[in-house]
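1. Return a 3D structure for these sequence lines:
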Amino acid sequence: MDESNSSTVRSDRVDVEASKTENIHVQVTTIRLTKDNYLHWSAAITMGIVGWGQITYVNGKKTEPLEASPAWDMWFLEDNQVKTCIVNFVSSDIQSLILRKKTARDMWVILEQMYGQKKKDVHFL
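-> Below you'll find the predicted structure:
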């Protein structure tokens, strides 16, 4: 049977196809962070980052190795992928607050501190 018409999948072709999609991030939300929607935004973006296997860059569990370490190049690449994701899902006025941050964790902490604080209860007299 002609390979292009075959309904069977060769395992070597599956491996190649799987590696092609490994770093493709699927958009999980159209929500961009504004000053008013942190809880909704953070829930959606966290789902995506977890799905991509990169949550340790945001929660602080994956720390920067020494630059001389062989692991640094991969850490730098993956951390920048997460930083790019975060920047892409915040409004343009918020982007300027985080663009110069060194790590994805630094970006996340700033956003959490600025927008994640629960508003104090309003007491009516």
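
2. can you list the weak-confidence ranges in this structure?
-> Residues of the chain meeting the criterion pLDDT under 70: 1-28, 118-125.

3. how about the helices of it, start to end?
-> For the chain, the helices defined by DSSP state H cover 11-21, 38-51, 55-59, 72-88, 92-98, 104-115.

4. Tell me which of those approaches residue 65 most closely.
-> helix 72-88 (5.0 Å; Cβ to Cβ). Glycine gets a C-beta too; all of them are placed from N, C-alpha and C.

5. Which residues does the closest one contact?
-> 23, 25, 45, 48-49, 52, 54, 57-58, 62, 64-66, 95, 98-99, 101, 103-104, 107-108, 111 (Cβ atoms under 8 Å, 6 or more residues apart in numbering).

6. Show me what residue 33 is bridged to.
-> Counting by DSSP bridges, residue 33 is bridged to residue 90.

7. neighbours around it, how many?
-> Around residue 33 there are 23 other residues, counting by other Cβ atoms under 10 Å.

8. Can you flag the buried ones in the contacts of helix 72-88?
-> If you count burial by 16 or more other Cβ atoms under 10 Å, the buried members of the contacts of helix 72-88 come out as 45, 48-49, 52, 54, 57-58, 62, 98, 101, 103-104, 107-108, 111.

9. just to revisit the earlier point, please identify the most buried of the helices of the chain.
-> With neighbours defined as mean count of other Cβ atoms under 10 Å, the helices of the chain peak in mean count at helix 55-59, which reaches a mean of 20.

10. Contacts for that one next, please.
-> Helix 55-59 has contacts (Cβ under 8 Å, 6+ apart) with 46, 49, 62, 78, 79, 82, 103, 104, 105, 108.
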